[in-house]
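In: this one's sequence-less:
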Ligand code: UDP
């Protein structure tokens, strides 16, 4: 097997990026950031959970092209590529419950194809991994050194294990082929372009509150999450790709709250007449989640900047036009 030198270098004056899942919530925000920093960008998406609406504003941009393709199939692209960002995957619990096999395939076969593309092009590679690799964590907050508490055969196993496999495959390419690889573990993120009906708590609560419908808190609402605004997250991920760090790095906002607190805050921010109702807690729903971002702070000099109240306001503004 040939050992290739790791990437990255700009062969042309304009760096070239490939973003899988480029029409998704986070993928499309990444595409915007890359274009604003002078990259030529190819977005690939099969539009299973992504939407062309997220990239419609880029039509006619000579630095951008879109290819509708499933990334589990062979990726053929002409010309040089400097950076491969592998973002394609269903990412909300409802989506991956409905699409368990596609979720497993994109995390495994899709990651293999995206790594193969990076290797062939001599590009740098970044995998969008997830806090779900920590499962229902027994250590709090979660540092990158924690190996996690995942139920491989539970309903979330298709996503968690696909991403764990994706990390293992990425490290194998790094070690075997000396590929320059990056692993970001993304914690709960919110902002414009989330799908109204993706089932995640942010679009669910905001759309319910905007319609003055009951807010569906699962379980007793004491489970916690820590929400990061999308622009903060994408900046952290960009810095990671440009760094020399091949070990996983958590990117997220440590501002932690219970789901009950989040429901109350949403009602307050909207001035909604919604009341809170309680629904059964889904199986294996993590009880707590908060990133330890010491590594991101020290290696990337990154911390989240957007306060929750401000991010929530922007997100509500986006959803107002959608409900
Ligand atoms: N949740 C909720 N009501 C909803 C949707 C979600 O209480 O209508 C809870 C869910 O049980 C979980 C948290 O909100 O504890 C975050 O769920 P989400 O689906 O956004 O993502 P997760 O962090 O679980 O992947």
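Out: Looks like it arrived, so ask away. Just so it is clear, the model here is predicted, and its values are computed rather than measured.
In: CA only for contacts and neighbour counts going forward, please
Out: Fine.
In: burial measure for residue 239, as a count.
Out: By the criterion of other CA atoms under 10 Å, residue 239 has 15 neighbours.
In: so it touches residue 299, yeah?
Out: No - the criterion here is CA atoms under 8 Å, and residue 239 misses it with residue 299 at 9.3 Å.
In: quick check: residues of the stretch 201-323 of the chain near the ligand?
Out: Residues of the stretch 201-323 of the chain lying near the ligand by CA under 6 Å from any ligand atom: 201, 204, 216-218, 223, 259, 281, 285.
In: mind giving me the PyMOL select for the residues you listed, buried ones only?
Out: The PyMOL selection below is limited to those of those classed as buried (16 or more other CA atoms under 10 Å):
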select buried, resi 201+204+216+217+218+223+259
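In: next step: the residues of the stretch 201-323 of the chain next to the ligand restricted to helices.
Out: If you go by DSSP state H, those have 201, 204, 259 in helices.
In: so where do the helices sit in this protein?
Out: Going by DSSP H, the chain shows helices at 25-36, 93-98, 100-105, 111-121, 157-177, 201-210, 230-242, 259-270, 294-300, 308-320.
In: least reliable of the ones you listed going by mean pLDDT?
Out: Mean pLDDT is lowest for helix 93-98 out of the helices of the chain, coming in at a mean of 93.
In: if we go by neighbour counts, what in that helix is buried?
Out: 93-97.
In: ditto for stretch 202-219
Out: Across stretch 202-219, burial judged by 16+ other CA under 10 Å covers 202-210, 212-213, 215-219.
In: stretch 190-204 now?
Out: Residues of stretch 190-204 classed as buried: 190-196, 198, 200-204 (neighbour count, 16+ other CA under 10 Å).
In: how about stretch 264-271?
Out: Within stretch 264-271, the residues scored as buried using 16+ other CA under 10 Å are 264, 266-267, 270.
In: distance from the chain centre to it, please.
Out: Offset of stretch 264-271 from its chain centre (CA atoms, centre = their mean, to the nearest Å): 26 Å.
In: before we move on, what about stretch 184-198?
Out: Stretch 184-198 has its C-alpha centroid displaced from the chain centroid by 7 Å (CA atoms, centre = their mean).
In: now swap in stretch 120-139 and tell me
Out: Relative to its chain's centre, stretch 120-139 lies at 9 Å (CA atoms, centre = their mean).
In: that one near the ligand anywhere?
Out: No - Stretch 120-139 is not in contact with the ligand by CA under 6 Å from any ligand atom; minimum separation 7.1 Å.
In: endpoints of that stretch, how far apart?
Out: The first residue of stretch 120-139 is 39 Å away from its last residue (CA to CA, to the nearest Å).
In: show me what counts as buried in it.
Out: Buried, per 16+ other CA under 10 Å, within stretch 120-139: 121-137.
In: which one among the ones in helices among the residues of the stretch 201-323 of the chain next to the ligand gets closest to the ligand?
Out: Among these, residue 201 lies closest to the ligand (CA to the nearest ligand atom), at 3.8 Å.
In: the closest one and residue 255: what is the separation?
Out: According to CA to CA, residue 201 and residue 255 sit 16 Å apart.
In: same deal with residue 30?
Out: Counting by CA to CA, the gap from residue 30 to residue 255 is 23 Å.
In: related to what we said a few turns ago, distance to residue 103 added to the buried residues of stretch 190-204, as JSON lines?
Out: Converted to JSON lines, those look like this (distance: CA to CA, whole Å):
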{"residue": "190", "distance to residue 103": "21"}
{"residue": "191", "distance to residue 103": "23"}
{"residue": "192", "distance to residue 103": "23"}
{"residue": "193", "distance to residue 103": "20"}
{"residue": "194", "distance to residue 103": "18"}
{"residue": "195", "distance to residue 103": "17"}
{"residue": "196", "distance to residue 103": "20"}
{"residue": "198", "distance to residue 103": "15"}
{"residue": "200", "distance to residue 103": "16"}
{"residue": "201", "distance to residue 103": "20"}
{"residue": "202", "distance to residue 103": "21"}
{"residue": "203", "distance to residue 103": "21"}
{"residue": "204", "distance to residue 103": "22"}
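In: nothing else from me, thank you.
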